[in-house]
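>>> sequence and predicted structure below; questions after.
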Amino acid sequence: MFAPERRQRILEMLRVDGAASLRQIADHVDTSEVTVRRDLKVLEAQGLLARRHGGAVLPAGESAESTYAEKAHVAAAEKAAIARYARELVDDGDAIAVGSGTTCQALARRLSHARDLTVVTNSLLVANALVKATGVEVLLTGGSLRGPSAALVGSAAERGLEGLRTGRVFLSGDGFTAGRGLSTYNLAVAGVDRALAATGGEVVVLADHTKVGVDSTCLAVPTSGVHRLVTDASADLTEVRRLRAAGVDVAVA
């Protein structure tokens, strides 16, 4: 395992557990405690964790990654409005890709009455929302199941998207900034989001105000690769202006 992947797995562990001992981390990434100490030193210098005697913890002000059930209650009304707006971008007969996340799930719920629609997704939440939609064909990627996001990730998921073409891609992520783009906490999730984006002619980010202006750990899609943002009226106005100046079409639901 290369150092960047190993360090990403360490950060993922801390976001789930909050803290871990040196031995727990070494077992998790299958390496020596000496190597882990070097990794922790690098990550601490980057401000991504705090070393403690015998282990590491999340830095002050950060918390463990929320599950999809917890995220569903954050800005729920805004996510519903964003999903309603995004639904108007989908026509019967389209082929679209939909990523993971509760906002993408909210969009999927509104697609259940579509006709002759093809939805490519790595999200079990999206697939479940469309399981009874007789007019929708769901193409679910393979891959490894990631519990916190109820999504399929990894090289198998990315390979499952090769050769597919969709007209529009809807992604959510954990943060979106003009300076960097769409980002997420998890390297594997970012990889699949990137592969989903590569299937589409237009990439649409669905992000409520809690994500606009937030820069998460792993870059999924750079700003130049995003065509449109659908957000809500509480989004940071300065960041919205920066995004528009960067060429992103910003719609407020």
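It's in.
>>> bridging residues for Ala151?
Using DSSP bridges, the bridge partners assigned to Ala151 are Ser123, Arg146.
>>> low-confidence stretches in the stretch 51-200 of the chain?
Residue ranges of the stretch 51-200 of the chain with pLDDT under 70: 60-74.
>>> can you name the residues in contact with stretch 245-253?
78, 81-82, 84-85, 178, 223-224, 226-233, 235, 240, 243-244 (C-beta atoms under 8 Å, 6 or more residues apart in numbering). Where C-beta positions appear, they are placed from N, C-alpha and C, glycine not excepted.
>>> please apply the same query to stretch 20-29.
The set of residues external to stretch 20-29 that reach it, using C-beta under 8 Å, 6+ apart, is 1, 6, 9-10, 13-14, 32-33, 35-37, 40, 54-56.
>>> thought Ile82 was touching Ala106?
Yes - at 7.4 Å, Ile82 counts as touching Ala106 under the criterion of C-beta atoms under 8 Å.
>>> list the buried residues of the lengthiest helix in the chain.
What stands out as the longest helix in the chain, according to DSSP state H, is helix 3-17. Using 16 or more other C-beta atoms under 10 Å as the test for burial, helix 3-17 gives 6-15.
>>> show me the two of the residues you listed that sit farthest apart.
Farthest apart among the buried residues of helix 3-17 by C-beta to C-beta are Arg6 and Arg15. That separation is 15.3 Å.
>>> and the next element down the chain from the helix or strand hosting Glu78?
Per DSSP states H and E, Glu78 falls inside helix 76-87. The helix or strand immediately downstream of helix 76-87 is strand 95-98, counting by DSSP H and E.
>>> for that next one, which helices and strands make contact with it?
When contacts are defined as 3 or more C-beta pairs under 8 Å, 6 or more residues apart in numbering; DSSP states H and E, strand 95-98 packs onto helix 102-109, strand 117-121, strand 166-171.
>>> tell me the helices and strands packed up against the second one.
Okay, so that is strand 117-121. For strand 117-121, the elements it packs on are strand 95-98, helix 102-109, strand 136-140, judged by 3+ C-beta pairs under 8 Å, 6+ apart.
>>> off-centre distance for the longest one?
By that I understand helix 102-109. Chain-centre distance of helix 102-109: 13 Å, with C-alpha atoms, centre = their mean, to the nearest Å.
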